[in-house]
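>>> Just need the structure, nothing else, for what follows:
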Amino acid sequence: MRSEVWKKEEQHLEETLREIDRNIERYSGEVEVLREENQERYDMYRSSDSDMHNDLVVGLSWEDQVRFLLRQNRLASETPYFGRIDYQETGDEDGESFSLYIGKHGVPNGQDQPVVVDWRAPISSIYYDSDVGESSYLSPDEERISVRIDLKRTFEIEKRRLIDFYDTDVIANDDFLTKYLAKNKEVVLGEIIATIQKEQNTIIRDTPWHSVIVQGVAGSGKTTVAMHRISYILYNYPEKFRAEHFFVIGSNSMLLHYITGVLPTLEVDHVQALTMTEFLESILDADWKKQKKKMRYASDFRTQEETKDEVRKTRRFKGSLGFVKAAQRWIDRLEHRLLSREDAVLEGKTIFRQEEVETFCQAFPRMPLQRKIDVLNKRLMNQFKNECRDRDWSADKSRTESKAFRGYYGKAKGKIDLWGYYLEFIQELSDEYPLLIENLQAGVADLYDLAILTLFKKRLTDTDDFTGVRHIVIDEAQDFGISLFAVLKQAFPECTFTIVGDTSQNIFYDSGMNDWKELREEIFDAGRDRFYTLAKSYRNTVEISQYAGKILEKCTFETYQIDPILRHGMEVEVKKAGNREEMTAETVRRIREIQERGYKTIAVICRTEEEAWKAEEELSSRCRIERDPEDFTNGVMVLPIHKTKGLEFDAAILWNPDEEAYPMDDAAARLLYVAITRALHELHIVYIGKLSKLLE
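Next up is the predicted model:
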């Protein structure tokens, strides 16, 4: 027997769905009418008729708005909302009490009143931040409004049917989360907005006027927070930010495809998603295109055999602030070489002094060299013209004398040989770091070379390539050396950043970041920019989290311990095989058992790319393997560890983690920590020989 409360909620759901259905019917009709009208306007359009042009622009704009409303209602038609809050403004005890239903997509009624409130609206923050009792939220005008929450309810709705609902004073938050997280990965991702936690919500709704750095343990939702933050900013600051000015930067294209796949459901389109290499290439553009044909990139991930002392020393330097500071000093000297500091003298009279040039350059240190040259040349010519007027020279005399001062400080639009200057700079460092020049001479570059080239371009050339970037999201940020962040801050001084990562997962242990201290204190403003930590893991079961934690205990570096949500599952299963054939058969057997338990995404995780290719070949004759990992969907994938970073799977099988592949050191510990924490529900380990001591 259903309770009266249940019946009322079912009735409200039915009424909401009817309203949505009416909206869909109305907007569908309006779209068709507007489409036909705009087609007629277009057919009659003549460029000389300004009134007709305005009618067409207005008509197309209105059609876009109605299409957007139609899309909103269609997206909401299956699951219109997930939460409800009943509240009253504090101090207004005799005033009206409000009931708001909150969903992924705002839905207005015919009078433009909200039937469903968008999760990004300011009032919705109290759903995420508070339980029943006193609370507050910031209005669109940045005014703090105090409220008393009388009811907070979360719904489970599937295919237009009310399945269940939970009140916060009845079910604990972790119990509610456990119910959601026990589902397979695909379902969890679809319901993520309903389960945003208070500490995550704080980051999402932080002001876009400063940068945020987020240290989050594996499975803490840091990447999800970053994607939702984009949606929140674009929804609440439409006059200040546009989606095409947002960039999401990741370490590989598979990760980017996975993490940005949620953006369309968050009503975010046109955000550009690029690897760090692709992003720097897009800035360098033609300045790198010709040289790129002669080069190849160093592998994004190095094997154990490539850890010679000289290699590691070079990597550490390229990822450090020292590399950027050395480049800055060299560019300063280059500016002095290319921009004349001599007095400009006309018939024995100094008309522009060296001190004026120095003062100007010091006043505008960020101004590119080409623009400095252009401005100084114009100032000199203005001074020359004043002298001509004072001397009452004829036009011919003025033209003759002006030749000596044209381009006096250099050619403002002259060709800047960035690559040539970069090689000059690197050559100066070759005594201490010989591999820097040896690699380039062998035709091998990496993203740190691209970063310093970008700095050269910013400092030297007058270009538009640095415009149109307002906010940069960097995922798996610990994989990038601080030198990259130093360059990006200089290249885009007005841009804000959302930087998310986990130093415990830094597998680029020579060039990446092992802590956030230097980034916070040297690159960003510790007083203005924000640093957050997310310690709670929502991904792994307790058993998997504890297993990962034991590996971190064996490390010498500072770690952030995982605080797992109390969701139990299978113990981690470790199986030794007698030979490679047995290991392959055991892996296939476990894959089939996992699939029989209803899980859809399974990763077989190997140490290197070569090992992954070999394992895939052996497994593919016995079970179906997805061979296009760029399109991260359901199925079984065989991947090297570095390509699993940032991803999650229903189950993971760690392939042959023996002593040779994972010796007892910090680098190997980080790799294993990453591999183990990819699994939501089940972790299996199969091996031959001697198991790595890190896993004992």
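>>> what's the span of stretch 569-584, first residue to last?
25 Å (C-alpha to C-alpha, to the nearest Å).
>>> Contacts made by it with the rest, please.
Residues from elsewhere that reach stretch 569-584, judged by C-beta atoms under 8 Å, 6 or more residues apart in numbering: 541-544, 547, 585-586, 590, 615, 618-619, 622, 655-656, 676, 681-688, 691, 695. All C-beta atoms are positioned from the backbone trio N, CA, C, and that covers glycine.
>>> Drop anything exposed from the residues you listed.
Neighbour counting by 16 or more other C-beta atoms under 10 Å classes 541, 543-544, 547, 585-586, 590, 615, 618-619, 655-656, 676, 681-688, 691, 695 among the contacts of stretch 569-584 as buried.
>>> buried sites along stretch 377-395?
Along stretch 377-395, these residues count as buried under the neighbour rule (16+ other C-beta under 10 Å): N377, R379, L380, M381, Q383, F384, E387, C388.
>>> what helix or strand is the last one on?
In this structure, C388 is located in helix 369-391 according to DSSP states H and E.
>>> next helix or strand past that helix?
Going down the chain from helix 369-391, the next helix or strand is helix 395-402, by DSSP H and E.
>>> helices or strands up against that following helix?
Using 3 or more C-beta pairs under 8 Å, 6 or more residues apart in numbering; DSSP states H and E, the elements in contact with helix 395-402 are helix 369-391.
>>> quick one: the helix it packs on to helix 395-402, angle?
On the basis of axes from the mean of the first three to the mean of the last three C-alpha atoms, to 10 degrees, helix 369-391 is oriented at 140 degrees to helix 395-402.
>>> CA atoms only for helix 369-391, dumped as PDB, please.
Extracted as PDB, the C-alpha positions of helix 369-391 are listed here (Å, rounded to 0.1, in the frame of the first residue of the first chain):
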ATOM      1  CA  LEU A 369      59.400  42.700 -29.100                       C
ATOM      2  CA  GLN A 370      57.800  43.300 -32.500                       C
ATOM      3  CA  ARG A 371      55.200  45.600 -30.900                       C
ATOM      4  CA  LYS A 372      57.900  47.400 -28.800                       C
ATOM      5  CA  ILE A 373      59.800  48.100 -32.000                       C
ATOM      6  CA  ASP A 374      56.600  49.300 -33.800                       C
ATOM      7  CA  VAL A 375      55.700  51.700 -30.900                       C
ATOM      8  CA  LEU A 376      59.200  53.000 -30.500                       C
ATOM      9  CA  ASN A 377      59.500  53.600 -34.300                       C
ATOM     10  CA  LYS A 378      56.200  55.500 -34.300                       C
ATOM     11  CA  ARG A 379      57.300  57.600 -31.300                       C
ATOM     12  CA  LEU A 380      60.600  58.400 -32.900                       C
ATOM     13  CA  MET A 381      58.900  59.400 -36.200                       C
ATOM     14  CA  ASN A 382      56.400  61.600 -34.300                       C
ATOM     15  CA  GLN A 383      59.300  63.300 -32.600                       C
ATOM     16  CA  PHE A 384      61.000  63.700 -36.000                       C
ATOM     17  CA  LYS A 385      57.900  65.300 -37.500                       C
ATOM     18  CA  ASN A 386      57.900  67.800 -34.600                       C
ATOM     19  CA  GLU A 387      61.500  68.700 -35.400                       C
ATOM     20  CA  CYS A 388      60.600  69.200 -39.000                       C
ATOM     21  CA  ARG A 389      57.800  71.600 -38.100                       C
ATOM     22  CA  ASP A 390      60.100  73.500 -35.700                       C
ATOM     23  CA  ARG A 391      62.700  73.800 -38.500                       C
END
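>>> list the contacts for E476?
By C-beta under 8 Å, 6+ apart, E476 lies in contact with G250, S251, L255, V500, G501, Q505, K645, G646.
>>> which ones are touching the first one?
Neighbouring residues of G250 by C-beta under 8 Å, 6+ apart: L256, I259, A273, L274, T275, M276, I474, D475, E476, G646.
>>> picking up where we left off before, can I get the contacts of E476 in JSON lines including secondary structure?
JSON lines is the format used below for the contacts of E476 (DSSP: H, G, I helix; E, B strand; the rest coil):
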{"residue": "G250", "secondary structure": "strand"}
{"residue": "S251", "secondary structure": "coil"}
{"residue": "L255", "secondary structure": "helix"}
{"residue": "V500", "secondary structure": "strand"}
{"residue": "G501", "secondary structure": "strand"}
{"residue": "Q505", "secondary structure": "helix"}
{"residue": "K645", "secondary structure": "coil"}
{"residue": "G646", "secondary structure": "coil"}
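>>> nearest to S430, of those?
Closest approach to S430 among these (C-beta to C-beta): S251, at 28.7 Å.
>>> count of neighbours near that closest one?
When neighbours are defined as other C-beta atoms under 10 Å, S251 has 27 of them.
>>> How about I85?
Using other C-beta under 10 Å, the number of residues around I85 comes to 24.
>>> worst-scoring helix or strand of the chain, pLDDT-wise?
Ranking every helix and strand in the chain by mean pLDDT, DSSP states H and E puts helix 185-190 at the bottom, with a mean of 46.
>>> The helix holding C388 - contacts with which helices or strands?
Looks like helix 369-391 contacts helix 321-338, strand 344-346, strand 349-352, helix 354-363, helix 395-402, helix 447-460 (3+ C-beta pairs under 8 Å, 6+ apart).
>>> how about these, which one is nearest G481?
Minimum separation from G481 across those (C-beta to C-beta) falls at helix 447-460, 6.7 Å.
>>> in its sheet, what does the helix or strand following that closest one sit against?
Using DSSP H and E, the helix or strand that follows helix 447-460 in sequence is strand 471-474. Strand 471-474 has its sheet partners listed here by DSSP bridges as strand 246-250 (parallel), strand 496-501 (parallel).
>>> Validate this expectation: Q88 resides in a strand.
Yes - under three-state DSSP, Q88 sits within a strand.
>>> Would you agree it is in contact with V147?
Yes - in this structure Q88 lies within contact range of V147 using C-beta atoms under 8 Å: 6.6 Å.
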